[in-house]
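In: structure of the sequence below:
(one chain, ligands or ions: 1)
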Amino acid sequence: MSTEEKAYKKIPVEELWEKLSNAKDCKSLLKKHLTKERYEALKDLKTSIGGDLGDCIQSGCINLDSGVGIYACDPEGYDTFAPVLDAVIKDYHKVEKVEHPEPCFGDMATIDLGNLDPEGKMIVSTRVRVGRSHSGFPFPPSATVDQRLEMEKKTVAAFETLPDELKGTYNSLKGMSKEVETQLIADHFLFKNDDRFLREAGGYNYWPDGRGIFFSKDKKFLTWINEEDHLRFISMQMGGDLGAVYKRLVKALEALSKELKFAHNKKCGFVTFCPTNLGTTCRASVHIKVPKLAAAKATVPDYKCLLDEICAKNHLQPRGIHGEHTESVGGVCDISNKRRLGLTELDAIMEMKNGIVKIMEAEKSL
Ligand code: ARG
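Out: Here you go, the predicted model:
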């Protein structure tokens, strides 16, 4: 298993500001929205558990190639550092105001999202995930080993209440056998401590204590414990059956919400470590073969290819298939909804579904 880690090294906020303000080629939302005035007003503030501006911005100041560049030091950080976080949130989620509707997943008895690719020609796999934080626990920069272990214990107990078809096995990263590790890597289920953005935000403090992965017997429902968020619930399967993937996730959430208390408020919806995930926290994605769109020239110079242009128009985000910050391989891309806050879960899924249908039509027309 990946080596044990201590807490990350905190860099003084003045030093971080120096790096960010001198950066020439930095296009992050942090650089855009942390003005000198905001920096001056926020640099000495602290949340009640001691979270500060440095905790929020260290990742984006060290990794000047960040797209976003800011995290919340702890849940209260969304209020304490609202002048910069709200500006980033509005820009990322394309909303006028930072506010979020009540959760609405749709009526499971009647909802019919269907299979986006019944012939199985373009969509390799479909995945929907949400993030959750345990109410009353801090985010990675301030979480202690004991708090992570307590979160792990609570969550593992809650898995016992899942309906039979979702029950499965929990694998703690700490002390994981070589055999289990190799299997999880081969199945592409294992998350690792190799993301420099998350590392610099304190995400790997005391790794691998309190981290682990649960999966159902058919491996279509997964939970990541204490990766970036306290919890990531994931439903996935091969092919394009978005309806089945979504319903499975909602079913799991219904059961687990009865056992666990998730942090939630009117402003942010479900609260997450990174401001890109707030609100519904829902990222619905497909791995899809779109070699022609990926090779075609965009009609305007702002985009690398026609695929990027259509994605932007439809609030979709293209990524490589080996996770965030990777390139597409052989014309297969990961495409997902980009906005998660200011709309309901059902809206976010529909935004993804409608956009994917457009992408498929565009690919076929080339
Ligand atoms: N902080 C990174 C960046 O700005 C990641 C942002 C979104 N991704 C995430 N896993 N939270 O590029």
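In: in the stretch 101-250 of the chain, what residue lies closest to the ligand?
Out: Per CB to the nearest ligand atom, the residue of the stretch 101-250 of the chain with the smallest distance to the ligand is Phe197, at 3.9 Å. C-beta here means a position set from N, CA and C on the backbone, and glycine is covered the same way.
In: report the secondary structure state of Glu309.
Out: Under DSSP: H, G, I helix; E, B strand; the rest coil, the three-state class of Glu309 is helix.
In: since we're on it, how many residues are nearby?
Out: Around Glu309 there are 19 other residues, counting by other CB atoms under 10 Å.
In: hang on, the earlier thing: elements contacting the one helix or strand the residue of the stretch 101-250 of the chain closest to the ligand maps to?
Out: Assigned by DSSP states H and E, Phe197 belongs to helix 196-199. For helix 196-199, the packing partners by 3 or more CB pairs under 8 Å, 6 or more residues apart in numbering; DSSP states H and E come out as helix 53-62.
In: what are the contacting residues of the lengthiest helix in the chain?
Out: Counting residues, the longest helix found in the chain (DSSP state H) is helix 345-365. Helix 345-365 is contacted from outside by 103-106, 111, 113, 116-117, 122-123, 128, 130, 242, 246, 280, 282, 284-286, 288, 290, 292-293, 306-307, 310-311, 314-316, 335-337, 339-340, 343, using CB atoms under 8 Å, 6 or more residues apart in numbering.
In: now with 7 Å, please.
Out: 103-106, 113, 116, 122, 242, 246, 280, 282, 284, 286, 290, 292-293, 310, 314-316, 335-337, 339-340 (CB atoms under 7 Å, 6 or more residues apart in numbering).
In: same thing with stretch 221-228?
Out: Under CB under 7 Å, 6+ apart, the answer for stretch 221-228 is 148, 151-152, 155, 166, 189, 191, 198, 203, 210-215, 231-235, 248, 252, 273-274.
In: just checking, which of the residues you listed belong to helices?
Out: Short answer: the contacts of stretch 221-228 in helices (DSSP H) are Arg148, Met151, Glu152, Thr155, Leu198, Arg248, Ala252.
In: roughly how far does the second one sit from Arg132?
Out: Going back to what we said before, that points to Met151. Note on Met151: its distance to Arg132, by CB to CB, to the nearest Å, is 11 Å.
In: quick check: neighbours shared by those two?
Out: In contact with both Met151 and Arg132: His230, using CB under 7 Å, 6+ apart.
In: can you pull the residues of the stretch 251-366 of the chain lying near the ligand?
Out: Contact residues (CB under 6 Å from any ligand atom) of the stretch 251-366 of the chain with the ligand: Cys274, Thr276, Glu324.
In: hmm, Gly69 and Cys274 touching each other?
Out: No: here Cys274 lies out of contact with Gly69, judged by CB atoms under 7 Å, at a distance of 10.2 Å.
In: still on that earlier bit, give me the more crowded residue out of Met151 and Arg132.
Out: Taking other CB under 10 Å, Met151 and Arg132 do not tie; Arg132 has more neighbours (25 against 21).
In: return the residues in contact with that one.
Out: Neighbour list for Arg132: Asp229, His230, Leu231, Phe233, Phe262, Phe270, Thr281 [criterion: CB under 7 Å, 6+ apart].
In: what sits against the fifth one?
Out: For Phe262, the contact set (CB under 7 Å, 6+ apart) comprises Arg132, Ser133, His134, Ser135, Phe270.
In: any chance of those in a markdown table with pLDDT and secondary structure as columns?
Out: Supplementary listing: the contacts of Phe262 in a markdown table, determined by pLDDT from 0 to 100; DSSP: H, G, I helix; E, B strand; the rest coil:
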| residue | pLDDT | secondary structure |
| --- | --- | --- |
| Arg132 | 98 | strand |
| Ser133 | 98 | coil |
| His134 | 97 | strand |
| Ser135 | 95 | coil |
| Phe270 | 98 | strand |
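In: how about the residues you listed, which pair is most distant?
Out: His134 and Phe270 (11.4 Å; CB to CB).
In: please say which of those two ends up with more neighbours.
Out: Remark: of His134 and Phe270, Phe270 carries more neighbours, 25 against 19, as counted by other CB under 10 Å.
In: list the beta-bridge partners for that one.
Out: For Phe270, the beta-bridge partners are His264, Gly279 (DSSP bridges).
In: shaky segments in this protein?
Out: Applying pLDDT under 70 to the chain flags residues 1-3.
In: show me the helices in it, by range?
Out: All helices of the chain, identified by DSSP H, fall at 13-22, 29-33, 36-42, 53-62, 77-80, 82-93, 145-159, 178-186, 196-199, 242-259, 291-295, 306-313, 345-365.
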